[in-house]
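>>> Sharing a model that was predicted from the sequence below.
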Amino acid sequence: MSLQDYGWSSYFKEVFKTLQTDAHGGTNASRGCDVHGWANTGCHRDDAKPVDDERLVEYKPAIVICRYSNYYDVICEYGRLSAELSGGFKYKAGRNSDFPAVGDWVLIDPYYEEKKAVIHELLPRKSCFSRKAPDGKEDEQVIAANIDILCIVSGLDNNFNPNRIERYVTQACNSGAAPLIILNKVDLITSRDTVLMELRKVVIGVDTVFLSTITGEGIKELRSYLTKGKVSAFAGSSGVGKSSIINMLSDNAHIKTENVREKDSKGRHTTSVRQMFKTKDGALIIDTPGMRELALWSSGDALSNGLSNGLSNAFEDIAELSGQCRFADCSHNKEPGCAVKQALENGALSLGRYGNYIKLQKEIEYLERKVDITVSGNTKKRWKEISKQIRKNK
Ligand SMILES: Nc1nc2c(ncn2[C@@H]2O[C@H](COP(=O)(O)OP(=O)(O)OP(=O)(O)O)[C@@H](O)[C@H]2O)c(=O)[nH]1
Ligand SMILES: [Mg+2]
Ligand SMILES: [Zn+2]
């Protein structure tokens, strides 16, 4: 089992390495600074606690693929284990968002023979799709972590509501995931133009796929977005067909689906757990329970800023060399007078490390582009206002 298949990227690898190095030989001072400073590596858990346990070096990274109320299913390099939180973890965690969500990378102490594990740490998130907790408390509920794409599913029966879609798009942009609109049950309508016209009044510039799990239309187009190693979450109201779509995309998903109520096309909240599956192309897809409402939640920090800082921190050597490049905005690729390339040539910098840096830089640029997604002027303005308001209220 390869962790890369589950999205274990250079970003997580670097964070994990830093943690281990610090736990192994770091002084208390450096541990306090680096491990405390999750924010420097792009995490919005600005008060994340340092790792006390010297056994950290023995812990293994694992991804959470299913969250039940008291335990988690995780995948590590040796396969699937059933995991519980350590006492220390529960003690340290205060807010909802401190607990692992599906898509999160955690550090576990594995007990392979019993197929069990204990979760000790949560690695900082690259992105995080949240809403305000539905129980009325001022707290965040993380729906899925580290996702690249948010598939916003809408049914073209009585469920179709462009304003609701706009809300999801807004929250996707806020979370650092690229939104993709899926208009399902296209077999039920005659005019797509009317639907698109209604949608484009509020949402512009977001890719949209017409789909039907009955005729199979649009599945191929949808697959073209869900490529190997990419993580996407399917969200929307109950009964729109999220689980039906996932059943079509993944051979090992056999999720229960249920008819909607005829009079208002409302679903019956059939899915109750968040769970990750794999498509045959190697993409990771998360099914989520239908949402009655999506109350916006802002994680506050500018995600891309955090990530860029994280990159310079993790690759201090390259950051230092960058200062000697001829051009201030050198991308260390083809520019003349590049100190990084020169270090590569004279062996001061290894090709592997340089490769990791470039890959990570691309990932960050991708994230930045996604955050800066082209929603219509009005939507953007309103979104900015909403985000500002939320931050003020925090
Ligand atoms: N006509 C039509 N019906 C569909 C389509 N896709 C799904 N359905 C039906 O819609 C109903 C609800 O589908 P689910 O997949 O259970 O919906 P869900 O979004 O997972 O619902 P929750 O789990 O409650 O959030 C089922 O009866 C499906 O058969 C479609 O493309 N066309
Ligand atoms: Mg479902
Ligand atoms: Zn350079």
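Here it is on my side, so go on. Numbering: from 1, shown residues only. Ligands and ions are numbered 1, 2, ... in the order given.

>>> For the residue in the stretch 51-200 of the chain that ligand 1 sits nearest to, give me its contacts.
Of all residues in the stretch 51-200 of the chain, the one sitting closest to ligand 1 is residue 185 (3.7 Å; C-beta to the nearest ligand atom). Yep, even glycine has a C-beta here, placed from its N, CA and C like the rest. By C-beta atoms under 8 Å, 6 or more residues apart in numbering, the contact list for residue 185 reads 155-157, 211-212, 214, 240-241.

>>> do residue 201 as well
Applying C-beta under 8 Å, 6+ apart, the residues contacting residue 201 are residue 162.

>>> Backbone torsions only: list them for it.
phi -70, psi -30 (degrees, to the nearest 10).

>>> mean confidence for stretch 342-352?
The average pLDDT for stretch 342-352 rounds to 88.

>>> Also stretch 266-283?
87.

>>> so what strands line up beside the one helix or strand residue 209 maps to?
Per DSSP states H and E, residue 209 falls inside strand 208-210. Using DSSP bridges, strand 208-210 pairs in its sheet with strand 178-184 (parallel).

>>> Without its sequence neighbours, what residue ends up closest to the closest residue to ligand 3 within the stretch 101-250 of the chain?
At 25.1 Å from ligand 3, residue 126 is the closest residue in the stretch 101-250 of the chain, using C-beta to the ion. For residue 126, ignoring the flanking residues on the chain, the nearest one in space by C-beta to C-beta, 6 or more residues apart in numbering is residue 146 at 4.9 Å.

>>> Ok, residue 341 next?
Here the residue nearest residue 341, using C-beta to C-beta, 6+ apart, is residue 332, at 6.3 Å.

>>> Also residue 127?
In space, residue 127 is closest to residue 176, 3.4 Å off (C-beta to C-beta, 6+ apart).

>>> about what we covered before: so what touches the strand holding residue 209?
180-183, 186, 192, 196, 199, 217-218, 221-222, 225.

>>> Those also near ligand 3: which ones?
Among the contacts of strand 208-210, no residue is within reach of ligand 3 (C-beta under 5 Å from the ion).

>>> ChimeraX command to pick out the buried ones of these?
In ChimeraX syntax, the buried subset of the contacts of strand 208-210 is picked out as below (16 or more other C-beta atoms under 10 Å):
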select :180,181,182,183,186,199,218,222,225
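
>>> from the contacts of strand 208-210, which single one is nearest residue 69?
residue 182 (28.6 Å; C-beta to C-beta).

>>> Check whether that closest one really touches residue 155, as I assumed.
No - using C-beta atoms under 8 Å as the test, residue 182 is too far from residue 155 to be in contact (9.7 Å).

>>> Quickly list what's touching both of these two.
With C-beta under 8 Å, 6+ apart as the test, residue 182 and residue 155 reach no residue in common.

>>> backbone phi and psi for residue 163, please?
The phi/psi pair for residue 163 (degrees, to the nearest 10) is phi -70, psi -40.

>>> So which residues on this protein come close to ligand 3?
325, 330, 332, 338, 340.

>>> Could you report the separation of the nearest residue to the second one once chain neighbours are set aside from residue 63?
Taking C-beta to C-beta, 6+ apart, and ignoring the residues beside it in sequence, residue 330 has residue 338 as its nearest neighbour in space, at 5.5 Å. Spatial separation of residue 338 from residue 63 under the definition C-beta to C-beta, to the nearest Å is 36 Å.

>>> the more surrounded of those two?
residue 63 (27 against 21; other C-beta atoms under 10 Å).

>>> Would it be right to say that residue 167 lies in a helix?
Yes - under DSSP: H, G, I helix; E, B strand; the rest coil, residue 167 falls within a helix.
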